[in-house]
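J.: sequence? don't have it. structure:
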């Protein structure tokens with residue numbers, strides 16, 4: 001972290017497993033059987049599937065939760081899922097548009113809470129400045145406006 005920076009918490013992330021509604025494995029996954037589900041991963045979150053499967057306490061899981069294609073960005077990961085390459089673990093807020101339009105479905109009902117936390121970091125010595133405070137207030141208002149799509153504090 002940065003010296004003398006003060007975090008202003010915004011929200012905690014929740015994650016879900018998503019897949020294409022046409023995926024051959026969608027029915028099995030929705031019932032908790034992930035043994036034959038092709039797993040797609042975000043490169044900088046290699047343990048996401050293992051953590052989600054553990055949190056969901058699913059017994060029918062892949063032999064290797066690290067196996068599968070890797071993507072550098074959530075945008076490309078979600079496109080891979082939309083194209084039917086497999087299922088992925090994504091932040092709930094990131095997939096809301098695709099879930100609403102029906103191009104993605106929640107692969108299983110489990111929602112993993114508190115996987116990451118988001119905050120604005122403010123220089124401690126400048127926290128009381130009107131411009132800094134106004135910016136933090138604006139960011140919080142934007143987050144609250146989206147409250148239904150991310151688990152908010």
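T.: That came through fine. Note that the coordinates shown come from a computational prediction; the quantities given were computed from them, not determined experimentally.

J.: okay, CA-based contacts and neighbour counts for the rest of this
T.: Fine.

J.: for this structure, what's the longest strand?
T.: Longest strand in the chain, counting residues (DSSP state E): strand 105-123.

J.: and it, what other elements does it pack with?
T.: Counting contacts by 3 or more Cα pairs under 8 Å, 6 or more residues apart in numbering; DSSP states H and E, strand 105-123 is packed against strand 5-19, helix 26-30, helix 48-56.

J.: can you give me the buried ones in it?
T.: Within strand 105-123, the residues that count as buried by 16 or more other Cα atoms under 10 Å are 105-108, 110-113, 121-122.

J.: the inter-axis angle of the helix or strand following it versus strand 5-19?
T.: With elements assigned by DSSP states H and E, the helix or strand that comes after strand 105-123 is helix 130-145. In terms of direction (axes from the mean of the first three to the mean of the last three Cα atoms, to 10 degrees), helix 130-145 departs from strand 5-19 by 20 degrees.

J.: show me the domain layout of the protein.
T.: As assigned by automatic domain parsing, the chain contains the domains 5-10+117-149, 15-115.

J.: looking at these, which one is packed in the most?
T.: Highest mean neighbour count of the domains of the chain: domain 15-115, a mean of 18 (counted as mean count of other Cα atoms under 10 Å).

J.: that domain spans what distance, first to last residue?
T.: By Cα to Cα, to the nearest Å, the extent of domain 15-115 from end to end equals 7 Å.

J.: pLDDT on that domain, on average?
T.: Averaging pLDDT along domain 15-115 gives 95.

J.: which ones are touching the residue most central in space within the chain?
T.: The centroid of the chain falls nearest to residue 91 when counting by Cα atoms, centre = their mean (1.3 Å). Residue 91 is in contact with 13-16, counting by Cα atoms under 8 Å, 6 or more residues apart in numbering.

J.: go with 10 Å
T.: Listed by Cα atoms under 10 Å, 6 or more residues apart in numbering, the contact partners of residue 91 are 13-18, 74, 111-113, 115-116, 149-151.

J.: for it, phi and psi?
T.: Main-chain torsions, residue 91, degrees, to the nearest 10: phi -60, psi 140.

J.: and what of residue 87?
T.: When read as degrees, to the nearest 10, the backbone of residue 87 gives phi -110, psi 160.

J.: hey, what's it bridged with?
T.: On the basis of DSSP bridges, residue 87 takes part in beta bridges with residue 39.
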